[in-house]
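# kindly generate the corresponding structure for this input.
(one chain, ligands or ions: 1)
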Amino acid sequence: MADTGLPPNWEVRHSNSKNLPYYFNSVDKVSRWEPPQGTDTDKLKHYMAANHSAGSRPGAVPGVPEGKIRAAHLLVKHRDSRRPSSWRESEIIRSKDEAMDIIKGHEQMIKSGGISLGDLAPTESDCSSARKRGDLGYFGRGDMQKEFEDAAFALKPGEMSAVVETASGLHLIERLE
Ligand SMILES: O=C(O)CN(Cc1ccccc1)C(=O)c1nc(-c2ccccc2)[nH]c1C(=O)O
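Next up is the predicted model:
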């Protein structure tokens, strides 16, 4: 079976009614228009180019907007953040150095395998995306602050950035797709 880059039990099928490929899980019997989490989109891109290129842009991955990636992040704000307030604290007074100590602690816990970024974000992130495990959805170049964009686009799916500083605060970024 050609390597689609999809997680186990997932396959690419074709919807004749919509004339579009979709993704089907042969065990759970579920289907979706977007590739499931954990897809290696580079491998899927090559598979699609070789097997489903009829009518679609070369290298296109159905359900993944062209040139976009999906990432989650954990944001620790400080008193010099552009908006030193969040769902967690109405007034954030910690210093940037204190924020750095906090986010480095989160980085170590994630790197040690003790906990994932998606498990930490809901309680520890100062971003409104905390309620979505830090998931920001798909975004392209030009959508985010430049430092954030450059760090996110340098990651491979599944990788986490070092601490990234933006006007919003200090971030850890995990590329999801
Ligand atoms: O920077 C500002 O002037 C205010 N912001 C921007 C913002 C505010 C609310 C919702 C989304 C973005 C934030 O501070 C902020 N930035 C982010 C952010 C920054 C980079 C990537 C993703 C999110 N989240 C937040 C937030 O409160 O929830």
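
# pretty sure residue 73 sits against residue 127.
Yes: with contact defined as Cβ atoms under 8 Å, residue 73 reaches residue 127; the gap is 6.7 Å. C-beta here means a position set from N, CA and C on the backbone, and glycine is covered the same way.

# could you report the neighbour count for residue 169?
A count of nearby residues for residue 169, using other Cβ atoms under 10 Å, gives 25.

# I'd like the distance between it and residue 40.
In this view, residue 169 and residue 40 are 31 Å apart by Cβ to Cβ, to the nearest Å.

# quick one: contacts for the closest residue to residue 122 other than its chain neighbours?
The shortest distance from residue 122 to any non-neighbouring residue, by Cβ to Cβ, 6 or more residues apart in numbering, is to residue 130 (5.4 Å). Applying Cβ atoms under 8 Å, 6 or more residues apart in numbering, one finds that residue 130 lies in contact with 87, 88, 121, 122, 123, 124.

# tell me what the strand or helix carrying residue 102 is packed against?
Taking DSSP states H and E as the criterion, residue 102 maps to helix 96-111. Applying 3 or more Cβ pairs under 8 Å, 6 or more residues apart in numbering; DSSP states H and E, one finds that helix 96-111 contacts strand 69-76, helix 117-124, strand 169-175.

# residues in this structure within reach of the ligand, list them.
With Cβ under 6 Å from any ligand atom as the criterion, the chain meets the ligand at residues 73, 75, 82-83, 86, 127-128, 136, 144-145, 148, 166-168.

# what is the nearest of these to residue 9?
For the residues of the chain next to the ligand, the residue nearest residue 9 by Cβ to Cβ is residue 136; the value is 27.3 Å.

# now the helices: where do they sit in the chain?
Using DSSP state H, the helices found in the chain span residues 41-51, 96-111, 117-124, 146-153.

# could I get the ones you listed as JSON lines with mean neighbour count?
Below are the helices of the chain laid out as JSON lines (neighbours: other Cβ atoms under 10 Å):
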{"stretch": "helix 41-51", "mean neighbour count": "16"}
{"stretch": "helix 96-111", "mean neighbour count": "16"}
{"stretch": "helix 117-124", "mean neighbour count": "18"}
{"stretch": "helix 146-153", "mean neighbour count": "18"}
